[in-house]
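Asks: here is a sequence with its predicted model. Questions after.
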Amino acid sequence: MNFSQKMRSLAVLTFFACIAISAATEKESVCCKEVSSKEITVPITGFKIQQPRPPCVKAVIFYTSEGPVCSHWRENWVLNKVKELRKLQAIEKNLKMKTTTVPQTTNST
């Protein structure tokens with residue numbers, strides 16, 4: 001097999017590897033095509049705001065112990081939950097910053 005055939009084979013393999021990785025990534029990401037107005041009662045571990053990019057609609061994706069839930073972004077309970085979660089994220093971020101920026105002192109006697 002000469003050099004150009006090897007390069008062509010390598011290019012084809014790379015192409016299919018990229019497609020496989022892309023397909024795997026798309027399966028992991030959530031695309032809400034419909035939303036629910038129903039309040040979530042299971043523990044929420046995080047959230048993401050999804051912008052409308054057809055076929056995906058504008059939504060708040062709550063990550064729960066039972067999986068992702070697509071919620072309507074205009075529901076009052078959704079807005080309140082997002083505010084609550086953002087406050088918790090800010091507190092957590094501040095705590096991490098304090099613990100990493102406080103210099104430790106040692107007592108030498």
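Replies: That came in fine, so what should we check first?

Asks: now Thr95: phi and psi?
Replies: Not Thr; residue 95 is Leu. Summarising the backbone geometry of Leu95 under the convention degrees, to the nearest 10, its torsions are phi -60, psi -40.

Asks: tally up the residues packed near it, please.
Replies: Here the count is done by other C-beta atoms under 10 Å, and Leu95 has 10 residues near it. For glycine as for every other residue, the C-beta is placed from the backbone atoms N, C-alpha and C.

Asks: quick one, helices of this protein?
Replies: Secondary structure of the chain by DSSP state H: the helices cover 3-28, 76-101.

Asks: of the ones you listed, which shows the lowest average pLDDT?
Replies: Out of the helices of the chain, the stretch the model trusts least by mean pLDDT is helix 3-28, with a mean of 57.

Asks: what's the burial count for Cys32?
Replies: Applying other C-beta under 10 Å, we find 22 residues neighbouring Cys32.
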